[in-house]
Every structure is written in structure tokens, then in C-alpha cells.
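In: Quick one: sequence and predicted model below, then my questions.
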Amino acid sequence: MATAIPSIACLGVIGRNNNPLHVAIFPSYDPVTNNFAPVRTPLQFSLLLSSTLDVFELRARHNAATGVGLSGDFGLLHAVDERLAAYGFETNTGTKFVVLVDMRGRRIDGAIAAGLVDIKEKRLGAVAVGLREGEMKPVFKAMQTAYVKLLQNPFFDPDEHAPPAGHGGKKITSRKFADDMRRIGETWTPGVTNL
């Protein structure tokens, strides 16, 4: 018997001018076929990432109007459907990190599920009811660390990736950055505190 737990379906990095910089899509468990495949097409994920921009803007306006400062972590942006949820983080430079979580995306075997403990002895807790506050913090921290490493590369020009509004921009093509995003998406599970 297999139990499904949350996994990352998509990681997105969006530039300060709301231009997509990087999108990484991960396969999710499909109990019908007993295989792993993405739950949406790349175009659908792109549209979902774009839909989060409105939430970032509304929350920023609300926080400015109420005098509340932004900590960077926007938490749950919105539930897309019964399976997908979008979480967000914004850096002080306006770069946004979005994580789309598939609430039934990873399969674990019955023995592990019975104890609700993963192989690394991390508590999974009540995975059926969703994620606890703060579950995404390690993901955002790892994404921000990878992005800062990219910015420290002397051959990376961040201005090429931040075009004026209405113009295109280059996507991040760094293989190291893509590998870091892939590692983050593939290794995260609920309860992990360090990526």
C-alpha cells in the first residue's frame, strides 16, 4: 500500500519586472497509472506562475496601506485546486520565488507511512491536512542561496534579465543554477529543515 505526500510540482523565479527568469517542473505521482508525470503542461505552469503576480501585488499594496513591513515570505498565495497550492517569497530587490506544491505528488510505501516518518527520521506529521506554516521556508532559503550564488558569478549580468516593463528579457541559462533548482525540487519533503 502506498500513501501520497506533498511534493514540489514547479519552482519559478520571477524577475523584478514580472518577467519569468527560470521555471523547473517536476513529475508527480499518478495513482491511476502508478507512474510519475507532471500534473500540468509547461504552458499551464507558466500561467499559474503568472497568476501569482496579482497576489504578490495585492499583498504588497495591503501591507503598504497598513504600514506592515514585508518579511519576504508571503506564505500561501492561493490554492489552485484540491491538489495544487502556490507559495511565494519576495526578495528585497523584487525578485519573486514561487513554489507550486502538489499535495499528493510523492508516493511513500506503507511501512514508512504507518509511522509517518521518512527515511531520514524527519516527522511528516499530519500530511493529509496540508502543510504547516513554515514548511516552505527551507525551500525559499535554498532558492535564495542559489540565486545569490548566481548573482556572485562575474559573468552573470542581472540587468540582462531585468528588462524595462513591456520588453522581453533573458531567462537564466546557468547550468549550476538549474541543477540547484532541480536538487531543491527533488529533495524537499514535508518536515525537511535544510536543503
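Out: Perfect, I can see it now.
In: Can you pull up the most central residue in the chain?
Out: Geometric centre of the chain, nearest residue: Val99, 1.7 Å, by C-alpha atoms, centre = their mean.
In: Name the SS class of that one, please.
Out: Of the three states, Val99 takes strand according to DSSP: H, G, I helix; E, B strand; the rest coil.
In: how far away is the nearest residue to it once chain neighbours are set aside from Ile8?
Out: Distances taken as C-beta to C-beta, 6 or more residues apart in numbering place Tyr87 nearest to Val99, at 4.7 Å, with adjacent residues excluded. The C-beta positions use only the backbone N, C-alpha and C, and glycine is treated the same way. Distance, Tyr87 to Ile8, using C-beta to C-beta, to the nearest Å: 10 Å.
In: any shared contact partners between these two?
Out: Counting by C-beta atoms under 8 Å, 6 or more residues apart in numbering, the shared contacts of Tyr87 and Ile8 are 99-101, 139.
In: returning to what we had before: just to check, the residue nearest to the centre of the chain is in contact with Met136?
Out: Yes: counting by C-beta atoms under 8 Å, Met136 is a contact partner of Val99 at 5.8 Å.
In: shared neighbours of these two, anything?
Out: Counting by C-beta under 8 Å, 6+ apart, the contacts common to Val99 and Met136 are Tyr87.
In: ok, back up a step: bridged to the residue nearest to Val99, which residues?
Out: Counting by DSSP bridges, Tyr87 is bridged to Leu76, Val99.
In: Number the chain from 450, please
Out: Fine by me, first position is 450 from now on; the one you just mentioned is Tyr536.
In: so who does it touch?
Out: Contacts of Tyr536 by C-beta under 8 Å, 6+ apart are 523-526, 547-550, 585, 588.
In: if you set the cut-off to 7 Å instead, what comes out?
Out: Shown in contact with Tyr536 (C-beta atoms under 7 Å, 6 or more residues apart in numbering): 524-526, 548, 550, 585.
In: hey, where'd the strands end up in the protein?
Out: In the chain, the segments counted as strands under DSSP state E are 451-463, 469-474, 477-479, 484-486, 522-528, 533-539, 545-558.
In: Redo these as TSV? Include distance to Thr636.
Out: TSV is the format used below for the strands of the chain (distance: least, C-beta to C-beta, whole Å):
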stretch	distance to Thr636
strand 451-463	9
strand 469-474	13
strand 477-479	15
strand 484-486	15
strand 522-528	20
strand 533-539	17
strand 545-558	11
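In: Let me know how buried Asp629 is, in neighbour terms.
Out: Asp629 has 21 neighbours, counted by other C-beta atoms under 10 Å.
In: Just to check, it is in contact with Ala595?
Out: Yes: look at Asp629 against Ala595 with C-beta atoms under 7 Å: they come within range, at 3.7 Å.
In: Farthest-apart pair in the shared contacts of Tyr536 and Ile457, please.
Out: Using C-beta to C-beta, the pair of the shared contacts of Tyr536 and Ile457 lying farthest apart is Leu549 and Val588, separated by 11.2 Å.
In: Comparing these two, which residue is more hemmed in?
Out: Per other C-beta under 10 Å, whichever of Leu549 and Val588 has more neighbours is Leu549, with 25 against 22.
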